[in-house]
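Undergrad: let me see the structure of the following:
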Amino acid sequence: WHQPIDDWKAGLISSKECFSRCCEMTVVTEGQFNEFADQQQIDPYFIEFVKYCDAHGFPITVLSDGMKNYIERILDRYGLGNLTIHSNHLIFENGNKIRPQFPYFGLGCPNCANCKGYHIDTPKQGELIVYIGDGLSDRCGAKKADIIFAKDDLKTFCIENNISYFEYENFGDILRDVKRET
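TA: The predicted structure is shown next:
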């Protein structure tokens, strides 16, 4: 699976092609997949961040070029199953094979299986789009945002493209900044 990921990072293939190739090579049962997902942790400040946003009427949408199967499972475990999620999806077949589904492919750029930029609505008068990301798949969404919180690959992209951003390590940093501005 290293080759498809390297090809995607180099811009030679779309994330849809990358996921499709990786899934073809993967042998996993739904139980094994769920067990792995159940071991994943979220940012320790994310729950507090969501509660603050809810209390102040700031809507949150989870945009992912990943798979809804594990995203929902992880968020449900933390009591965050009510968040809106736009992502890809996996189908389990023949006991130990997975097939990706891409409900949003083609609705944004041709490089993403689920282009995050597609999901960002034009804000109403006076509204701001705050975007939080850390990966290569966050580039399209960040381009449409008014305020960007970035780390890792998204931070590098912002630097290389002279895009203003706020650096963060965790959602505690973001929550502190949001509280200061509200």
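
Undergrad: and the residue positioned nearest the centre of the chain, which of the three is it?
TA: Most central in the chain under Cα atoms, centre = their mean is S64, positioned 2.9 Å from the mean C-alpha point. Secondary structure assignment for S64 (DSSP: H, G, I helix; E, B strand; the rest coil): strand.

Undergrad: pretty sure it contacts C112?
TA: No: S64 is beyond contact range of C112, at 10.5 Å (criterion: Cβ atoms under 8 Å). To be clear about C-beta, it is placed using only N, CA and C from the backbone, and glycine gets the same treatment.

Undergrad: quick check: neighbours shared by the two?
TA: S137 (Cβ atoms under 8 Å, 6 or more residues apart in numbering).

Undergrad: can you dump the C-alpha atoms of the longest strand anywhere in the chain in CSV for me?
TA: Counting by DSSP state E, the longest strand found in the chain is strand 84-93. Output in CSV follows, covering the C-alpha atoms of strand 84-93 (Å, rounded to 0.1, in the frame of the first residue of the first chain):
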residue,chain,number,x,y,z
THR,A,84,-22.8,16.2,10.6
ILE,A,85,-20.2,14.2,8.6
HIS,A,86,-19.4,14.3,4.9
SER,A,87,-17.0,11.5,3.9
ASN,A,88,-16.5,8.4,1.9
HIS,A,89,-17.8,5.0,3.0
LEU,A,90,-16.7,1.3,3.1
ILE,A,91,-18.7,-1.7,2.1
PHE,A,92,-17.7,-5.1,3.6
GLU,A,93,-17.9,-8.0,1.2
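
Undergrad: give the other helices and strands that the next helix or strand after it contacts.
TA: Following strand 84-93 in sequence order, the next helix or strand is strand 97-101 (DSSP states H and E). Packing partners of strand 97-101 (3 or more Cβ pairs under 8 Å, 6 or more residues apart in numbering; DSSP states H and E): helix 15-25, strand 84-93.
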